[in-house]
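1. What follows is a predicted structure for the sequence shown.
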Amino acid sequence: MYDGIDPSWPIKSKGLAGVLAIFFGGIGIHKFYLGKVFQGILYLVFCWTYIPVIISFIEGIIYLLSSEHNFSVKHRVRTR
């Protein structure tokens, strides 16, 4: 049975992504960790507006509260 998770996707920690988003998300560290380099650069460029801080705090909470499967499929990673 196929669960939508590709074995070739990189292994990433959902908890670490959430913590990075909450504490360092204003500069896009969580996006770089998840392999979304362009989004990480956007967070870096606009970090002076504090908008990425607010967005990443909310993203961090969503990461931590989402199920392992939903996190894996949405971000195209395998969880530990």
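-> Arrived safely.

2. the strands in the chain, which residues?
-> Ranges of strands in the chain, per DSSP state E, are 11-12, 78-79.

3. Deepest-packed of those, please.
-> Counting by mean count of other Cβ atoms under 10 Å, strand 78-79 has the highest mean neighbour count of the strands of the chain, with a mean of 16. Quick note: C-beta positions are derived from backbone N, CA and C, even for glycine.

4. how far is that one from where the chain is centred?
-> Distance of strand 78-79 from the chain centroid (Cα atoms, centre = their mean, to the nearest Å) equals 12 Å.

5. Same question for stretch 20-33.
-> For stretch 20-33 - counting by Cα atoms, centre = their mean - the centre lies 8 Å from the chain centre.

6. measure that stretch end to end?
-> 9 Å (Cα to Cα, to the nearest Å).

7. Let me have the strands of the chain in TSV, extended by mean pLDDT and distance to residue 20.
-> Shown next, in TSV, are the strands of the chain (pLDDT from 0 to 100; distance: least, Cβ to Cβ, whole Å):
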stretch	mean pLDDT	distance to residue 20
strand 11-12	92	10
strand 78-79	86	15
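
8. do you know which of the ones you listed lies nearest residue 58?
-> strand 11-12 (19.3 Å; Cβ to Cβ).
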